[in-house]
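S.K.: Give the three-dimensional model of this entry:
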Amino acid sequence: MKERLQKAIARAGICSRRRAEELIISGRVKVNDVVITQLGQKVDPENDIIKVDNNVLNLRVPKVYLLLHKPPGYITTVHDPHGRPTVMDLIPKKVRLFPVGRLDLNSEGLLILTNDGRLAHMLTHPRFEVTKTYEVWVKGQPQANKLLKLTTGIVLEDGLAHAKRVSIVGTWTQGTRLDVVMAEGRKREVRRLFQAIGFPVQRLIRHKLGPLSLGQLPLGHTRSLTKEEVAALYRAAGQASS
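M.R.: Residues are numbered from 1 along each chain as shown. Take a look at the predicted model:
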């Protein structure tokens, strides 16, 4: 059965579907030794030979889904050219995986690593509106009118941004802890929103992604997702699991 080339590449687990499209456009993909640079090409994974950077893809790699409790101090990337620790240093090396979305160097919490490009695309693309929930620590207590700005919208350098919901959940020694629900995942978006209202983030913990919770997983540890959890993530994006 034929499928779009970018979907086949993502299914092989080397990158997301969006990244696969970039690889095709840049001329780094071959089908049966013919360079493909146009999107829309369909392939037969059972019979066609697909290469990325002249490496033949294995389309029969089993899907792996890991949940990592990311500690601060790790870069969310497969490789860092500056030699800093990455989240890949914290996971088993049996299968090639990639992180879904980003948590910046100083942030912590729930991060999924997988070789399922289809799911990765849906969890990160704003069109699917899979929510991310963060616990945000700030100094002092933001006034109600400032918290309202977070949900009505603030113009950042890359456009209008807003949280879906913001609520105060407690205190810490120097201020307030808040729950913040986002439907997008722009770079450092939560930090930039709080900076804009005059309350820089002191600590940022992602504790939910769609229906999936961090739970009691210890800092720096991983666990495999259950089939039910994977199916629930697909449903959160309005799709059936493959």
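
S.K.: Contact partners for the residue positioned nearest the centre of the chain?
M.R.: Most central residue of the chain, judged by C-alpha distance to the mean C-alpha position with Cα atoms, centre = their mean, is residue 101 at 2.0 Å. Going by Cβ atoms under 8 Å, 6 or more residues apart in numbering, residue 101 touches 76, 111-112, 123-124, 132, 185. Placement of C-beta: from N, CA and C, glycine included.

S.K.: Same check on residue 30?
M.R.: Listed by Cβ under 8 Å, 6+ apart, the contact set of residue 30 reads 36, 50-51, 54.

S.K.: I'd like the distance between residue 173 and residue 202.
M.R.: Look at residue 173 and residue 202: by Cβ to Cβ, to the nearest Å, they are 11 Å apart.

S.K.: Neighbour count: the two, which is higher?
M.R.: Looking at residue 173 and residue 202 with other Cβ atoms under 10 Å, you find the greater number of neighbours at residue 202, namely 16 against 6.

S.K.: which SS class is the more buried one?
M.R.: strand (DSSP: H, G, I helix; E, B strand; the rest coil).

S.K.: I'd like the average pLDDT over stretch 168-176.
M.R.: The average pLDDT for stretch 168-176 rounds to 97.

S.K.: So among the contacts of residue 101, where is pLDDT lowest?
M.R.: Lowest pLDDT among these: residue 185, with 78.

S.K.: in this protein, which ranges drop under the pLDDT threshold?
M.R.: Applying pLDDT under 70 to the predicted model, the residue ranges of the chain that meet it are 242.

S.K.: if we can go back for a sec, out of the contacts of residue 30, who's nearest residue 11?
M.R.: The shortest gap between residue 11 and any of the contacts of residue 30 belongs to residue 50, at 10.4 Å (Cβ to Cβ).

S.K.: The closest one pairs with what?
M.R.: Using DSSP bridges, the beta-bridge partners of residue 50 come out as residue 31.

S.K.: related to what we said a few turns ago, just want the phi and psi numbers for the residue nearest to the centre of the chain.
M.R.: For residue 101, the backbone dihedrals are phi 70, psi -170 (criterion: degrees, to the nearest 10).

S.K.: Over to the one 10 residues further on?
M.R.: Phi and psi for residue 111, reported as degrees, to the nearest 10, are phi -140, psi 130.

S.K.: returning to that earlier point: please tabulate the contacts of residue 30 in JSON lines, including the columns neighbour count and distance to residue 139.
M.R.: Conversion of these to JSON lines gives the following (neighbours: other Cβ atoms under 10 Å; distance: Cβ to Cβ, whole Å):
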{"residue": "36", "neighbour count": "20", "distance to residue 139": "53"}
{"residue": "50", "neighbour count": "21", "distance to residue 139": "52"}
{"residue": "51", "neighbour count": "15", "distance to residue 139": "53"}
{"residue": "54", "neighbour count": "8", "distance to residue 139": "53"}
